[in-house]
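Q: Give me a model of this one.
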Amino acid sequence: MKLLAFAALPDGDGDPSPAPRVGLVGDGGILDLAPFGITSIHELLAGDRTRLREVERARAVTDRPLIDPASVALRAPLPRPGKIICIGLNYADHCREQGIDPPAYPRIFAKFANAVNDPGGVVVRPAATEKLDLECELAVVIGRETSHVAPAEALDAVFGYTIVNDITMRDLQTEDRQWLRAKGSDGFAPMGPVVLTRDEVPDPQALRLQSRVNGETWQDSSTAEMVHDVPTLIAFVSRFIRLEPGDLISTGTPAGVGHYQQPPRYLAAGDRLACEIEGIGVLESRVVDEEPRIADHALAAGVGSLAAGART
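A: Model (predicted):
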């Protein structure tokens, strides 16, 4: 199943600013699940199999009207995930383009819910950076509470998969010597367009993924390039962090990001971004600038006066 969150556009069906609803994607359009008592994907995750059976029942209904996708605005399928756990340096080709050895074990970091951004949303390039980059990533949606799970059983914890674009300020990533500000700023995790349920993905290590900027391909790889596969990541994380329904594990990005191109390339205002993963779809965003732009990088990054104070 493909599940999405949506809201009606002003000229669509209903109030121009309604609370997001959840829909089931079909060949002829979107089936609103509200009449079946389902108003968010979080409800499906927090409930038992009964809720999923309601979705199956909805899918079998053939006489309900479908919503035209052009009449709605997509929303992030999980707008307030409890945890967004990210994996660094998890693609062999991404390590090769940097000339480094793949890590012996998963390197984890985090984003928070403030970073979540809608499909088709705006990514604001902060004044603090001139080196904004994108990273197309397969994100695992956890479907049940999980702790100390073995790799052989780890996929049982998966509800489904979506796309996350791990937007990154490369200059701050280097300067801060850790990644939270560079990757966790507001709107730096566009997500969607759908959650594809686990039963639709026989092998999460056999998916093509691509990113494009203004229609030009930057990344084109496969999840087969992962250093640590999805079951290994779930098992590793769950040894230390209890996973709960609605948590995300964003599994890393392949080669082709702008920072490691020759010469390096970065995102600018007006750029249109697309991240595509086989079976899930295309996640689109556009870049706008925070204004005013500030020539003094230290001042723009908010560290100029602090650095000066430390020297006195």
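Q: how many other residues sit next to Asp199?
A: Asp199 has 8 neighbouring residues, counting by other C-beta atoms under 10 Å. C-betas here are computed from N, CA, C, even on glycine.
Q: Please disregard the earlier target; I meant Arg96.
A: Neighbour count of Arg96, defined by other C-beta under 10 Å: 14.
Q: Just to be sure, it is in a helix?
A: Yes: the assignment for Arg96 (DSSP: H, G, I helix; E, B strand; the rest coil) places it in a helix.
Q: For Glu225, see how far away it is.
A: 9 Å (C-beta to C-beta, to the nearest Å).
Q: shared neighbours, those two?
A: Common neighbours of Arg96 and Glu225 (criterion: C-beta atoms under 8 Å, 6 or more residues apart in numbering): Ala255.
Q: Let me see the ranges of the helices in the stretch 201-312 of the chain.
A: Secondary structure of the stretch 201-312 of the chain (DSSP state H, counting those that start in this stretch): helices at 230-238, 297-300, 304-311.
Q: Please disregard the earlier target; I meant the stretch 51-200 of the chain.
A: Applying DSSP H, counting those that start in this stretch to the stretch 51-200 of the chain gives helices spanning 92-98, 151-154, 170-176, 180-184.
Q: could these be laid out in CSV, adding mean pLDDT and distance to Leu132?
A: Converted to CSV, the helices of the stretch 51-200 of the chain look like this (pLDDT from 0 to 100; distance: least, C-beta to C-beta, whole Å):
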stretch, mean pLDDT, distance to Leu132
helix 92-98, 98, 18
helix 151-154, 98, 34
helix 170-176, 95, 8
helix 180-184, 96, 10
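Q: which residues does Ser222 contact?
A: Ser222 sits next to Ala206, Leu207, Arg208, Leu209, Pro254 when contact means C-beta under 8 Å, 6+ apart.
Q: Check Ile249 too.
A: Counting by C-beta under 8 Å, 6+ apart, Ile249 touches Ile85, Cys86, Ile87, Ala139, Val140, Ile142, Val230, Leu233, Ile234, Val237, Leu243.
Q: I'd like these as a markdown table, with pLDDT, neighbour count and distance to Ala189 appended.
A: A markdown table is the format used below for the contacts of Ile249 (pLDDT from 0 to 100; neighbours: other C-beta atoms under 10 Å; distance: C-beta to C-beta, whole Å):
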| residue | pLDDT | neighbour count | distance to Ala189 |
| --- | --- | --- | --- |
| Ile85 | 98 | 23 | 12 |
| Cys86 | 98 | 26 | 9 |
| Ile87 | 98 | 25 | 14 |
| Ala139 | 98 | 27 | 9 |
| Val140 | 98 | 29 | 14 |
| Ile142 | 97 | 25 | 16 |
| Val230 | 98 | 22 | 19 |
| Leu233 | 98 | 24 | 17 |
| Ile234 | 98 | 26 | 19 |
| Val237 | 98 | 24 | 17 |
| Leu243 | 98 | 24 | 18 |
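Q: closest to Ala268 among those?
A: The nearest member of these to Ala268, counting by C-beta to C-beta, is Cys86 at 24.3 Å.
Q: so that closest one sits right up against Ser250, yeah?
A: Yes: the criterion here is C-beta atoms under 8 Å, and Cys86 meets it with Ser250 at 4.6 Å.
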